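S.K.: starting from these lines, generate the structure:
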Amino acid sequence: MKKQLMIISTLALLLNGNAMADTNLEKCFRDIGMEILRMNINR
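M.R.: Numbers count the residues shown, from 1 in each chain. Here you go, the predicted model:
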């Protein structure tokens, strides 16, 4: 779980750096969240 949090925060930093004005940013985070949930369920 800790590893996944690190991945999320890294992605957040990357997205924050180059997609600040992107209106799809929220959708990106939702998609990432859903993907991680799916990975957890499948494990």
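S.K.: any idea how far residue 2 is from the residue lying closest to residue 12 once chain neighbours are set aside?
M.R.: Closest residue to residue 12 apart from its sequence neighbours, by CB to CB, 6 or more residues apart in numbering: residue 29 at 7.6 Å. In this view, the C-beta of every residue, glycine as well, is placed from N, C-alpha and C. Distance, residue 29 to residue 2, using CB to CB, to the nearest Å: 19 Å.
S.K.: more neighbours: these two, which one.
M.R.: Set residue 29 next to residue 2 and count neighbours by other CB atoms under 10 Å: residue 29 wins out with 14 against 6.
S.K.: quick one: mean pLDDT over the helix or strand containing that one.
M.R.: According to DSSP states H and E, residue 29 maps onto helix 25-42. Mean pLDDT, helix 25-42: 80.
S.K.: for it, list the C-alpha coordinates in CSV.
M.R.: The C-alpha coordinates for helix 25-42 follow below in CSV (Å, rounded to 0.1, in the frame of the first residue of the first chain):
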residue,chain,number,x,y,z
LEU,A,25,-6.8,16.6,-14.7
GLU,A,26,-9.6,15.5,-12.3
LYS,A,27,-10.6,12.8,-14.7
CYS,A,28,-6.9,11.6,-14.8
PHE,A,29,-6.8,11.3,-11.1
ARG,A,30,-10.1,9.4,-11.0
ASP,A,31,-8.9,7.0,-13.7
ILE,A,32,-5.6,6.4,-11.8
GLY,A,33,-7.6,5.8,-8.6
MET,A,34,-10.0,3.4,-10.3
GLU,A,35,-7.0,1.6,-11.9
ILE,A,36,-5.3,1.1,-8.5
LEU,A,37,-8.6,-0.1,-6.9
ARG,A,38,-8.9,-2.6,-9.8
MET,A,39,-5.4,-3.8,-9.2
ASN,A,40,-6.1,-4.3,-5.5
ILE,A,41,-9.3,-6.2,-6.2
ASN,A,42,-7.6,-8.5,-8.7
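S.K.: can you spell out which helices and strands pack onto that helix?
M.R.: helix 2-18 (3 or more CB pairs under 8 Å, 6 or more residues apart in numbering; DSSP states H and E).
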